[in-house]
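J.: pasting the sequence and the predicted coordinates here, then a few questions.
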Protein chains: 2
Amino acid sequence: MNIGDVAETSGLPAKTIRYYEEIGFVRPERGPNGYRDFGENEVHKLTFLARARSLGFTIDDCRALLSLYEDRGRASSDVKAVAEHHLRRINAKIAELEGLRSTLARLVARCHGDDRPDCPILDDLAASGRRRGT
Amino acid sequence: MNIGDVAETSGLPAKTIRYYEEIGFVRPERGPNGYRDFGENEVHKLTFLARARSLGFTIDDCRALLSLYEDRGRASSDVKAVAEHHLRRINAKIAELEGLRSTLARLVARCHGDDRPDCPILDDLAASGRRRGT
DNA sequence: ATAAAGGTTCCTGTTACTGGAAGGTCAAGG
DNA sequence: CCTTGACCTTCCAGTAACAGGAACCTTTAT
């Protein structure tokens, strides 16, 4: 299977597939013309990776998950640990963004947004030491 | 004012301040020893930047905000537009992460997480075309 | 004299790709 | 046979916003 077809089936851009080869995720054979030739197994792996990445797992996570996937004797607790760690990262990020959102929303609400120059948003940014908001 | 003191007052690491000089945010003078010498105005700008960055504004946003800040004739609507755009980005990101979280939480909940190898998480990742979840 | 604490520049690495240049290969059409 | 277009190849640069570290100079205190 050529890289274009693999891209189509896996949902990954060809560029990304080449990159995944570079970092050791797959090792396709080569035809006499130098073209990559992916077997079913490689395609399967790439699909796995596409799904894992779409869930936000890092490349390192993917490495771990893939190796667990291929280890028939793995413990599901190991997989769960990776996923839980990722879940914690996501929760932390959401919390952080919600904090930003609340501050920003407040500032935006207070800015009249017209032709005049006075603006609570800039005032907040410029307020060095003083207490902010309420 | 030396860079170390500016770092202290602005809350930015010295490394970051040098970087901000490199990308044109500040242009401190130099003492005879080659040390940077920041005036009050530069320190103020850096504090402004620290606050803006801590609210998640990109460097490009900061460039725009800083220039609006220094333009006494700005329209507050221009500032508001930058902030609203940023707010939309944040909301989109939160929505995306919440989607991931819900999928991941469901998978994690279904994985018993013991010594046995069977694992709904890996099953999901490996499920190429088939319907997922519910 | 020396050592610690600051400062300087310059180079590399981070994440996970993406865009683009320069060039070989293959199938179809005239 | 030639060309056109769609593939494929490798390699290099760029992204965001810094952080780490090497090699070296300056200042201050002991």
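T.: Perfect, thanks for sending it.
J.: SS state for residue A:9?
T.: Put simply, residue A:9 is helix when judged by DSSP: H, G, I helix; E, B strand; the rest coil.
J.: and the residue most central in space within chain A, how close does it get to residue A:22?
T.: Nearest to the geometric centre of chain A sits residue A:56, at 3.8 Å (C-alpha atoms, centre = their mean). According to C-beta to C-beta, to the nearest Å, residue A:56 stands 22 Å off from residue A:22. Where you see a C-beta, it was placed from the backbone N, CA and C, and this is true even at glycine.
J.: give the contact list for the residue lying farthest from the centre of chain A.
T.: In chain A, the residue that sits farthest from the middle, by C-alpha atoms, centre = their mean, is residue A:116; the gap is 41.2 Å. Residue A:116 makes contact with B:75-76 under the criterion C-beta atoms under 8 Å, 6 or more residues apart in numbering or on different chains.
J.: roughly how far does it sit from DNA strand D?
T.: For residue A:116, the distance to DNA strand D equals 29 Å [C-beta to the nearest atom of the strand, to the nearest Å].
J.: could you do residue A:72 as well?
T.: Counting by C-beta to the nearest atom of the strand - residue A:72 and DNA strand D are separated by 31 Å.
J.: cool, and residue A:92?
T.: Distance from residue A:92 to DNA strand D, by C-beta to the nearest atom of the strand: 18 Å.
J.: not counting residues beside it along the chain, what's closest to the closest residue to DNA strand D within chain A?
T.: Closest approach between chain A and DNA strand D, counting by C-beta to the nearest atom of the strand: residue A:4, at 2.6 Å. Distances taken as C-beta to C-beta, 6 or more residues apart in numbering or on different chains place residue A:14 nearest to residue A:4, at 6.2 Å, with adjacent residues excluded.
J.: ditto for residue A:62
T.: Closest to residue A:62 by C-beta to C-beta, 6+ apart is residue A:52, at 4.9 Å.
J.: low-confidence stretches in chain A?
T.: A:128-134 (pLDDT under 70).
J.: care to break it down by domain?
T.: With domains defined by automatic domain parsing, chain A comprises A:1-59, A:75-134.
J.: with distance to residue B:103 added, can I get those domains in CSV?
T.: Formatted as CSV, those follow (distance: least, C-beta to C-beta, whole Å):
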stretch, distance to residue B:103
domain A:1-59, 6
domain A:75-134, 10
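J.: output those as CSV; include the columns distance to DNA strand C.
T.: Shown next, in CSV, are those (distance: least, C-beta to the nearest atom of the strand, whole Å):
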stretch, distance to DNA strand C
domain A:1-59, 3
domain A:75-134, 11
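J.: hmm, back to that, quick one: list the elements packing against the helix or strand harbouring the residue of chain A closest to DNA strand D.
T.: Following DSSP states H and E, one finds residue A:4 within helix A:3-10. Packing partners of helix A:3-10 (3 or more C-beta pairs under 8 Å, 6 or more residues apart in numbering or on different chains; DSSP states H and E): helix A:14-22, helix A:40-54.
J.: wait, the residue nearest to residue A:62 touches residue A:63, no?
T.: No: counting by C-beta atoms under 8 Å, residue A:63 is not a contact partner of residue A:52; they are 9.9 Å apart.
J.: tell me the SS of the closest residue to residue A:71 other than its chain neighbours?
T.: If the residues on either side of it in the chain are set aside, residue A:71 comes closest to residue B:117, at 7.9 Å by C-beta to C-beta, 6+ apart. Of the three states, residue B:117 takes coil under three-state DSSP.
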